[in-house]
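A.B. asks: Here is my input, please return the structure:
(chains A and B, ligands or ions: 2)
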Amino acid sequence: MGCFKIVVLAQRLPTLFSFRTVSSDPLVEIDNVTFAYDQRTILNGINLSIPKGKVVAIMGGSGCGKTTLLRLIGGQVRPSKGAVRVAGQVVNELKQDELYALRRKMGMLFQFGALFTDMSVFDNVAFQMREHTDLPESMIRDLVLMKLHAVGLRGAAHLLPSELSGGMARRVALARAIALDPMLMMYDEPFAGLDPISLGVIGQLIRRLNDALGATSIVVTHDVMESLAIVDYVYFVSAGSIVAEGTPEQIRASEMPFVHQFVKGEPDGPVPFHYPAPDYRDALVGGRNA
Amino acid sequence: MLDWGGRRISAIGAVLVNALMRAGFAARFLLAILLNSGTAFRRFGLTIREIYFTGVLSLIIILVSGLFVGMVLGLQGYDTLQRFGASEALGVLVSLSLVRELGPVVGGLLFASRAGSAITAEIGLMKATEQLSAMEMMAVNPIARVVGPRFWAGVISMPLLAAMFSAMGVLGGYVVGVLLIGVDSGSFWSQMQASVDFANDIMNGVIKSIVFGIAVSLIAVFEGYDADPTAEGVSGATTRTVVTSSLAILGLDFILTAFMFRGL
Ligand SMILES: Nc1ncnc2c1ncn2[C@@H]1O[C@H](COP(=O)(O)OP(=O)(O)OP(=O)(O)O)[C@@H](O)[C@H]1O
Ligand SMILES: [Mg+2]
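C.D. replies: Ligands and ions are numbered 1, 2, ... in the order given. Here you go, the predicted structure:
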């Protein structure tokens, strides 16, 4: 228990002495990146930068390429044009071992959890500690329980992923993503499938973790209200590039039709609800004739 | 425009080119596994765990099949040998058939369908549910952490399983030949002991089973890792593992036998 307290204290230290200066030099820079799956261009000359120490939200319609953007930052896919820079390194030019070294400093919450199904919740969260550190098992136990406690699932440590609900699995995945206190955290829809209470708690957790560790966070989300409450900056993606950006106040006050539609959740506006398709009437009528 | 025959020929060509390309990918995959095998041996616990899943859990089917194959060999062998008045040689026939051929080959076929398919399905599902991606993002190489231990577990298990198959088979032959039919127990064992050569028969069988173990394990992990990340993709990969490894075992068996026992 003693060591538990020390770890907690150590995590608070940066804020206690507040020697962390919120600098504005970017940790992540997406520089004119174009990316296509096969023939279909998903991102088209997109530019954005994420300053160190900030929590930045990326919003946009379903299927607009937000997950793809996170995969580009993590180096899992490579752009066909442009450069992705993280901490000054060009991710898409790194060799495998350099990429792995960089990824040790990143944490990623996958959209669908991606928990290891053959391990318990506890072992899932402990996975990276066991792989990357020589910490004694007792220390790992304390750390894992601390992370699980933060997401409200300390009592579920012994369960298998197949025994969790969707929202619980997502929270375990979140605990696993923050297991090694990474300098860059990427959350792909952390609020999906959460009840309003967990939603508020997780939102605050993302904010507090970021500030306590002096980390940088990217939150991909559709939850406009929840995320405007916790983030420093928002980017809106549409049709493969950034169409709007700003601080939460600017976004709330924005008169841009795109932002307006998104914040208010209106079906009609510049954001298409439908995946590109031929005219609906033609499809209904023509399909039968053809 | 190609006519019907032309299209047929080009379709056959496409199948061959595709098969050749996959063989090339598999070879490069083997290289990647070998280069990343450190984890499987440094943290041997991971490999032991997989040996339990691939080897130990295959024991039942291997032992039971071995027993029945040996018993059938006893019946058939006795029927043929007694026509030449050589029924005392039953032990030789049973044991040579088993250690040279049936142990490695039938054991390998059973191993491919019991353990190989399971490995493919497991790795394929891990891929489909993004577990391998997640591992990569955690800076853990899935080839070292997931594929390597499973591959080496298969390579280690296969010769042991083949040996146990042969041992059970000899026991089955003994039960039928000696206990049921009444062949002389002394000559059954002594002739077997005198004619089965360690280097020529047993070691060659062991070499075969190691080669089959490498082939089946490689095919199983490759098909899983290469599977389309969907339900159909995984089921198709599982089927391909069983079909490809069975053909590989039989083909390799012919080649190895030609080299070993013809002294080529
Ligand atoms: N592996 C893939 N192969 C081909 N196309 C893909 C693949 N993955 C995604 N896509 C396509 O890329 C586009 C962007 O996908 P992405 O997952 O980045 O969307 P998203 O913004 O995260 O959407 P959502 O909010 O629904 O999660 C989608 O239109 C999808 O059809
Ligand atoms: Mg997504």
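
A.B. asks: So what's the residue count around B:F259?
C.D. replies: 12 (other Cβ atoms under 10 Å in any protein chain shown). Glycine gets a C-beta too; all of them are placed from N, C-alpha and C.

A.B. asks: What of B:M126?
C.D. replies: 25.

A.B. asks: How about B:G124?
C.D. replies: 27.

A.B. asks: just for the stretch 151-290 of chain A, where's the confidence low?
C.D. replies: A:268-272, A:286-290 (pLDDT under 70).

A.B. asks: ok, which stretches of it are helices?
C.D. replies: For the stretch 151-290 of chain A, applying DSSP state H, counting those that start in this stretch gives helices covering A:166-177, A:196-213, A:224-230, A:248-253, A:257-264, A:280-289.

A.B. asks: Give me the helix or strand of chain B that scores worst on average pLDDT.
C.D. replies: helix B:38-42 (a mean of 89; mean pLDDT, DSSP states H and E).

A.B. asks: Can you spell out which helices and strands pack onto that one?
C.D. replies: helix B:44-54, helix B:148-174 (3 or more Cβ pairs under 8 Å, 6 or more residues apart in numbering or on different chains; DSSP states H and E).

A.B. asks: Name the stretch among those that sits most buried.
C.D. replies: Sort those by mean neighbour count, taking mean count of other Cβ atoms under 10 Å in any protein chain shown, and helix B:148-174 sits at the top with a mean of 25.

A.B. asks: re earlier: want to throw the helices of the stretch 151-290 of chain A into TSV with mean neighbour count and distance to B:G148?
C.D. replies: Listed next are those as TSV, based on neighbours: other Cβ atoms under 10 Å in any protein chain shown; distance: least, Cβ to Cβ, whole Å:
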stretch	mean neighbour count	distance to B:G148
helix A:166-177	24	22
helix A:196-213	18	33
helix A:224-230	18	41
helix A:248-253	15	47
helix A:257-264	17	46
helix A:280-289	9	50
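
A.B. asks: Reformat the ones you listed as CSV; add distance to B:V183.
C.D. replies: Shown next, in CSV, are the helices of the stretch 151-290 of chain A (distance: least, Cβ to Cβ, whole Å):
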stretch, distance to B:V183
helix A:166-177, 63
helix A:196-213, 74
helix A:224-230, 82
helix A:248-253, 90
helix A:257-264, 86
helix A:280-289, 76
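
A.B. asks: The residue nearest to the spatial centre of chain B: which element?
C.D. replies: The centre of chain B sits closest to B:G108, judged by Cα atoms, centre = their mean, with a distance of 2.6 Å. Element membership for B:G108, per DSSP states H and E: helix B:103-111.

A.B. asks: Helix B:148-174 and the helix or strand following that helix, what's the angle between them?
C.D. replies: Sequence-wise, the next helix or strand downstream of helix B:103-111 (DSSP H and E) is helix B:117-128. Relative orientation of helix B:117-128 versus helix B:148-174 (axes from the mean of the first three to the mean of the last three Cα atoms, to 10 degrees): 160 degrees.

A.B. asks: who touches helix B:117-128?
C.D. replies: A:116-117, B:53-54, B:132, B:142, B:146-147, B:150, B:154, B:217, B:220-221, B:223-225, B:227, B:229-231, B:233-234, B:237-238, B:240-242 (Cβ atoms under 8 Å, 6 or more residues apart in numbering or on different chains).

A.B. asks: Can you go through the residues you listed and name the buried ones?
C.D. replies: A:116, B:53-54, B:132, B:142, B:146-147, B:150, B:154, B:217, B:220-221, B:223-225, B:227, B:234, B:237-238, B:240-242 (16 or more other Cβ atoms under 10 Å in any protein chain shown).

A.B. asks: can you tell me which of those are in helices?
C.D. replies: Counting by DSSP state H, the part of those found in helices is B:53-54, B:132, B:142, B:150, B:154, B:217, B:220-221, B:223-225, B:234, B:237-238, B:240-242.

A.B. asks: Whatever residue of the stretch 1-150 of chain A ends up closest to ligand 2: what's it in contact with?
C.D. replies: For the stretch 1-150 of chain A and ligand 2, the shortest gap (Cβ to the ion) falls at A:T67, measuring 3.2 Å. With Cβ under 8 Å, 6+ apart as the criterion, the residues that contact A:T67 are A:111, A:188, A:220.

A.B. asks: where are the low-confidence patches of the stretch 151-264 of chain B?
C.D. replies: B:262-264.

A.B. asks: Just list the residues touching the residue of it found nearest chain A, thanks.
C.D. replies: With Cβ to the nearest Cβ, the shortest gap between the stretch 151-264 of chain B and chain A falls at B:P229, namely 11.5 Å. By Cβ under 8 Å, 6+ apart, B:P229 lies in contact with B:124, B:127-128, B:130.

A.B. asks: And for B:S65?
C.D. replies: B:106, B:110, B:165.

A.B. asks: Now it: phi and psi?
C.D. replies: Dihedral pair for B:S65: phi -60, psi -40, per degrees, to the nearest 10.

A.B. asks: of all the residues in the stretch 51-200 of chain A, which ones are close to ligand 2?
C.D. replies: A:67, A:111 (Cβ under 5 Å from the ion).

A.B. asks: ditto for the stretch 151-264 of chain B
C.D. replies: Residues of the stretch 151-264 of chain B lying near ligand 2 (Cβ under 5 Å from the ion): none found.

A.B. asks: wait, isn't A:F116 in contact with B:Q131?
C.D. replies: Yes - using Cβ atoms under 8 Å, A:F116 is in contact with B:Q131, at 5.5 Å.

A.B. asks: okay, and the common contacts of the two?
C.D. replies: With Cβ under 8 Å, 6+ apart as the test, A:F116 and B:Q131 reach no residue in common.

A.B. asks: hang on, the earlier thing: residues in contact with the least confident helix or strand of chain B?
C.D. replies: By Cβ under 8 Å, 6+ apart, the list of residues contacting helix B:38-42 reads B:46-47, B:144-145, B:148-149, B:151-152.

A.B. asks: which residues touch residue 192?
C.D. replies: Using chain A here. By Cβ under 8 Å, 6+ apart, the neighbours of A:A192 are A:111, A:170, A:222.

A.B. asks: look at chain B instead
C.D. replies: B:91-92, B:94-95, B:170.

A.B. asks: Distance-wise, check the closest residue in space to B:L109 that isn't next to it in sequence relative to B:D253.
C.D. replies: Of all residues not flanking B:L109 in the chain, B:S246 sits nearest, at 5.6 Å (Cβ to Cβ, 6 or more residues apart in numbering or on different chains). Note on B:S246: its distance to B:D253, by Cβ to Cβ, to the nearest Å, is 11 Å.

A.B. asks: With A:L194 instead?
C.D. replies: 57 Å.

A.B. asks: of these two, who's got more company?
C.D. replies: A:L194 (21 against 17).

A.B. asks: Pretty sure that one sits against A:R170.
C.D. replies: Yes - using Cβ under 8 Å, A:L194 is in contact with A:R170, at 6.9 Å.

A.B. asks: Around chain A, which positions in the stretch 151-264 of chain B sit nearby?
C.D. replies: Residues of the stretch 151-264 of chain B that fall close to chain A, judged by Cβ under 8 Å from any Cβ of the partner chain: none.

A.B. asks: closest point of the stretch 151-264 of chain B to ligand 2, which residue?
C.D. replies: For the stretch 151-264 of chain B, Cβ to the ion, closest residue to ligand 2: B:P229, 15.1 Å.

A.B. asks: again, but for chain B
C.D. replies: Closest point on chain B to ligand 2, by Cβ to the ion, is B:E130, at 11.4 Å.
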